[in-house]
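Asks: Model the following, please.
(chains A and B)
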Number of protein chains: 2
Amino acid sequence: MDFKYRLLTPGPTMIPEEVKLELSRDIIHHRKDRFKSIMRGLQPKLKTLFGTKEDVLILSSSGTGAMQAAVFNLFNPGEKVIVVEGGKFGKRWTEIAKKRSLKPVIIEVEWGEAVDPELVKDTIKKEKDIKGILVQASETSTGVLHPIKELGEITQKFDILLVVDGISAVGISPLPMDRWGVDCLITGSQKGLMLPPGLSLISLSEKAYNKALGVISSDFYFDLKKEKNKIKQGETAYTSPVALILGLNAIMDLFLSYGLENIYKKYWALTQMTRCGVSAIGLSCFAEKNYTWGLTSVRVPKNIDGKELLNKIASTFNLHLAGGQDHLKGKIIRIGHMGYVDMSDILFALNAIAWTLKKEYNFVIKEKDFLEQASTSYFDAKEQGYERYFS
Amino acid sequence: MDFKYRLLTPGPTMIPEEVKLELSRDIIHHRKDRFKSIMRGLQPKLKTLFGTKEDVLILSSSGTGAMQAAVFNLFNPGEKVIVVEGGKFGKRWTEIAKKRSLKPVIIEVEWGEAVDPELVKDTIKKEKDIKGILVQASETSTGVLHPIKELGEITQKFDILLVVDGISAVGISPLPMDRWGVDCLITGSQKGLMLPPGLSLISLSEKAYNKALGVISSDFYFDLKKEKNKIKQGETAYTSPVALILGLNAIMDLFLSYGLENIYKKYWALTQMTRCGVSAIGLSCFAEKNYTWGLTSVRVPKNIDGKELLNKIASTFNLHLAGGQDHLKGKIIRIGHMGYVDMSDILFALNAIAWTLKKEYNFVIKEKDFLEQASTSYFDAKEQGYERYFS
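Replies: Take a look at the predicted model:
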């Protein structure tokens, strides 16, 4: 009763009232007209979200399911793909590619940094027959935003598919699929879309779909050609996640009435606010330059165990942040500011982190007005906009 | 989408998830066993909340309905009652008393101050045949806590009923009915009980009930003798507010598992936090000494219109505070911290107020780390406890 439950992880996120109400509706049948008409109405909205003229396919799976769908439907065994490995989710691309018997050419990127497009260009030239690039837009494990726009400029010149995991980027920061030359874009429901987990979205460019026509997948469930035919009729190939789709429809209406630009601006401001607050507390951000907008990864001071810190924050404040993954376990904490989060949540999170560091670890807070500084940073960022990020 | 909807008024308040889920249940019938068994299980919980061994009656009405029920059931026309009038709700007692053709002896108290028990004692001695005292525990319009314990010490010596409107006090600050000698205690659902409006609770001491037996009410709907007979059978006299009662049961379980003492301690800490933050911003609290724990009334600087200030805060931050009432309109704002509110909400409210004053009115914030000071005050108050308030 002291503190409300607050989920500030990089997914799942909290859910707005409008979505909760939709999720509570009676289940309608996924092969009947009423549902199909909702599905058809959803397509233009999802196309706007993805920035594409192509169909956006709906899968009943987590985001990882959609990653598998991409790899298994777009590539034949033995084909060579570049995998950008700069975090746990980069590694996941490699694992899936191996399961499909592809030949992954791994570009290792130091965790916390973004891939250098020049290195990708060189690798394409050096390696022969690269058929695709598998990359995260936002690498959730490190808080890095990879340069998708620049990668698209490279792959458009070649017969190479740019396959982008946008799970923690779509609906959070700009990622216009067609304009940036992305051939396959993926997202999940529990991040920017403010829905419970269990639904994923995937769209293929014409180039990607044409490639898929020549691929025989070893996967029965994730069949994107079948899904593409079905979506034209307002259906999914197998049983649709009906409640989540109703929620998706509600959230898309909210998004579009508010304007995608304004949503990106909000996340940009929350990112600046968090980074400012973190610095003012006296901590440093893990991703220094190419940071993602849906979370902020923060280095934990050397003498402190990040996992213990998170447990203390959770038990005092009922505030749930994320820790580091793999070799970053205990070394970073990740503050999620994607989904249904606002500046009040971030103000509270910064205060909870600072309070716990001070009380439990005798950490000396750098700037005593760190909360006011963070708040000011939010409004400044809102006013200035994010154009400079993409310059 | 920028800011979540936040209701920090002195009722209605926001509602916890556990209550929302109960409110969504299918409606059961109010004359059937399943409902009656819930009603019977609820009585011991409500008795703990009220601090009484007497039945706590449930009315389908707002708090004002319960105020009427008290006056019409406890007093006969022509009887003399003292009314403590130190705000809008004190005035409401007078209006109801007049409607019942009582002879109200009004003790006018300056708005923002609490009644002096000595003055009440003197009035009882001076006036003949005072039959009751009508008073608020917490005067919501000014943010004042009247000295109920001290009034109880006085009335217990006389044949006088102490009738207490505890609408914005029950479940917020200590108000043990039997121990303090309260003869009639009232509350509403939309304040400390964290429920939607529409349900009120009322309990009568033995002394009050015996008085009621000799009163013939001119009111059909609010019949406390009928309700008292019905509650023994797990029923209400007329149709029960079923969903609200299910919600009440859920919130009582939450309260009792958490402990009433801890709930009071939380509100005490939120009060100290708010008052500290308000001072650090450079504003002053309206109720200086005898302040209530569920809201903080704040003087608006002379050159600023409080209503306009609230509108600006609402339109920028989606944060809804309350203004002043009657002659305090535009002169004070009221920050509600009763119900489902936590320190994060207060942190945000203080920031929103300060930001708006600064940006819109060039107000100079007194202490630049007002948020950190407020936060520290919360934890200090939690640690120290509230015993000193009642010393």
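Asks: Distance of the closest residue to A:D165 other than its chain neighbours relative to A:E235?
Replies: The spatially closest residue to A:D165, leaving aside those adjacent along the chain, is A:Q136, at 4.5 Å (CB to CB, 6 or more residues apart in numbering or on different chains). (Glycine included, C-beta is placed from N, CA and C.) Separation of A:Q136 from A:E235 (CB to CB, to the nearest Å): 30 Å.
Asks: Tell me if I'm right that the residue nearest to A:D165 and A:H146 touch.
Replies: Yes. If you go by CB atoms under 8 Å, A:Q136 and A:H146 touch, sitting 6.0 Å apart.
Asks: picking up where we left off before, so who does the residue nearest to A:D165 touch?
Replies: A:84, A:86-87, A:89-90, A:93, A:146, A:164-165, A:167-169 (CB atoms under 8 Å, 6 or more residues apart in numbering or on different chains).
Asks: Check chain A for its longest helix and report it.
Replies: Counting by DSSP state H, the longest helix found in chain A is helix A:260-281.
Asks: buried stuff in it?
Replies: Using 16 or more other CB atoms under 10 Å in any protein chain shown as the test for burial, helix A:260-281 gives A:263-281.
Asks: Stretch A:365-380 too?
Replies: Result for stretch A:365-380 [16+ other CB under 10 Å]: buried residues A:365, A:367, A:369-375, A:377-379.
Asks: Just the CA coordinates for it, please, in PDB.
Replies: What follows is stretch A:365-380, C-alpha atoms only, in PDB (Å, rounded to 0.1, in the frame of the first residue of the first chain):
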ATOM      1  CA  ILE A 365      24.800  12.400  -4.700                       C
ATOM      2  CA  LYS A 366      26.500  14.900  -7.100                       C
ATOM      3  CA  GLU A 367      23.900  17.600  -7.600                       C
ATOM      4  CA  LYS A 368      21.400  18.000  -4.800                       C
ATOM      5  CA  ASP A 369      18.800  19.300  -7.200                       C
ATOM      6  CA  PHE A 370      19.100  16.400  -9.600                       C
ATOM      7  CA  LEU A 371      15.300  16.000  -9.800                       C
ATOM      8  CA  GLU A 372      14.800  19.600 -10.800                       C
ATOM      9  CA  GLN A 373      17.600  19.400 -13.400                       C
ATOM     10  CA  ALA A 374      16.000  16.300 -14.900                       C
ATOM     11  CA  SER A 375      12.600  17.900 -15.000                       C
ATOM     12  CA  THR A 376      14.000  20.900 -16.800                       C
ATOM     13  CA  SER A 377      15.800  18.700 -19.200                       C
ATOM     14  CA  TYR A 378      12.500  17.100 -20.100                       C
ATOM     15  CA  PHE A 379      10.800  20.300 -21.000                       C
ATOM     16  CA  ASP A 380      13.900  21.600 -22.800                       C
END
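Asks: Next one: it, is it in contact with chain B?
Replies: Yes. For stretch A:365-380, a contact with chain B is found by CB under 8 Å from any CB of the partner chain, at A:368-372, A:375, A:379.
Asks: tell me the angle of the helix or strand containing A:T48 relative to helix A:260-281?
Replies: Assigned by DSSP states H and E, A:T48 falls within helix A:33-50. Angle of helix A:33-50 versus helix A:260-281, following axes from the mean of the first three to the mean of the last three CA atoms, to 10 degrees, is 60 degrees.
Asks: Tell me which residues of helix A:33-50 come out buried.
Replies: Neighbour-count burial for helix A:33-50, counted by 16+ other CB under 10 Å, picks out A:35-36, A:38-39, A:42, A:45-47, A:49-50.
Asks: Skip ahead from it and say which helix or strand is next.
Replies: For helix A:33-50, the succeeding helix or strand toward the C-terminus, using DSSP H and E, is strand A:56-59.
Asks: pretty sure A:H29 is touching A:F35, no?
Replies: Yes. Counting by CB under 8 Å, A:H29 touches A:F35, with 6.3 Å between them.
Asks: Kindly report the residues of the stretch 201-350 of chain A close to chain B.
Replies: Near chain B, when you scan the stretch 201-350 of chain A using CB under 8 Å from any CB, you find A:254-255, A:258, A:262-263, A:266, A:340, A:342-345, A:347-348.
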